[in-house]
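A.B. asks: following is a predicted model, sequence given first.
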Amino acid sequence: MRKGERVTLIPITSPRFIDAETLASLPAWNEIFGNDNPLALEIGCGTGHFVAQMAPLHPDWNFIAVDYYNKGCLKTSKRVDKAGLDNVRVIRAEARSFMERCIPHCSLRMVVINCPDPWPKKRHRKRRLVNTEFVGYLSEFMLPGGDFHFATDFDDYGEDVARFMPDMPGFANVLAPDPYRHALEGYPLSKYMLKFMDAGKQIYFVHYRKAS
Ligand SMILES: C[S@@+](CC[C@H](N)C(=O)[O-])C[C@H]1O[C@@H](n2cnc3c(N)ncnc32)[C@H](O)[C@@H]1O
């Protein structure tokens with residue numbers, strides 16, 4: 001996109017889509033979902049394959065699927081509408097600024113980040129979303145006992161996250177003694193995971209839990 005160029009957004013009319021700009025800061029999530037269930041956050045939901053499979057497995061959690069990709073939010077909204085998933089809301093927003101404004105501390109039962117942009121060039125690695133600083137930041141938003149899931153097809157990213165997670169205070173490795181696994185039973189596969197697996201790549205699954 002060139003400087004000054006306007007982005008035309010495809011309108012999303014789904015009842016499960018929320019325009020982040022219309023949300024109050026720290027909105028009443030219990031009123032939005034119509035219950036007091038804990039929140040689960042998927043960062044970078046893409047086209048919604050994961051949340052559409054995960055949300056029915058946890059009907060007693062309220063899922064917030066965030067992505068700043070308009071078309072992805074549209075596809076995710078259509079997918080969750082088709083499945084009639086009332087425990088999902090889709091939000092187009094940049095994840096960090098959204099969390100800062102809208103997610104209360106100590107409120108997330110689960111945080112999921114599947115196949116985040118890998119920034120493969122060495123000089124771009126500092127742009128990666130998941131690093132020690134970000135996981136420390138996430139931890140403030142998580143409930144005691146909350147789950148942190150990270151998955152990537154990118155060897156160096158998977159190994160890096162698996163290497164620094166044991167040093168993150170207040171987290172325990174659910175997959176111990178394995179630092180990561182290449183298959184995780186009961187964890188749905190996202191669109192990107194399937195795409196990379198079709199290309200013969202292995203997925204790195206990392207699963208940690210915040211101390212109770
Ligand atoms: C490679 S895709 C993976 C999509 C999906 N998780 C999957 O596994 O199929 C990464 C997604 O993360 C989104 N994304 C990256 N950084 C983000 C951020 N800071 N806030 C919100 N979305 C982000 C991108 O728009 C993109 O849809």
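C.D. replies: Cool, got the structure.

A.B. asks: going forward, measure contacts and count neighbours with C-alpha atoms only.
C.D. replies: Fine.

A.B. asks: quick one, helices of the chain?
C.D. replies: 29-33, 49-54, 70-82, 95-102, 132-141, 155-164, 191-198 (DSSP state H).

A.B. asks: could I get these as CSV with mean pLDDT?
C.D. replies: Listed next are those as CSV, based on pLDDT from 0 to 100:
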stretch, mean pLDDT
helix 29-33, 98
helix 49-54, 98
helix 70-82, 98
helix 95-102, 96
helix 132-141, 98
helix 155-164, 97
helix 191-198, 98
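
A.B. asks: using CSV, lay out these together with distance to Leu23 and mean neighbour count.
C.D. replies: Supplementary listing: the helices of the chain in CSV, determined by distance: least, C-alpha to C-alpha, whole Å; neighbours: other C-alpha atoms under 10 Å:
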stretch, distance to Leu23, mean neighbour count
helix 29-33, 10, 14
helix 49-54, 21, 21
helix 70-82, 16, 21
helix 95-102, 8, 16
helix 132-141, 18, 16
helix 155-164, 32, 17
helix 191-198, 28, 16
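
A.B. asks: just put those in a markdown table and tack on distance to Val112.
C.D. replies: A markdown table is the format used below for the helices of the chain (distance: least, C-alpha to C-alpha, whole Å):
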| stretch | distance to Val112 |
| --- | --- |
| helix 29-33 | 19 |
| helix 49-54 | 10 |
| helix 70-82 | 15 |
| helix 95-102 | 12 |
| helix 132-141 | 11 |
| helix 155-164 | 14 |
| helix 191-198 | 14 |
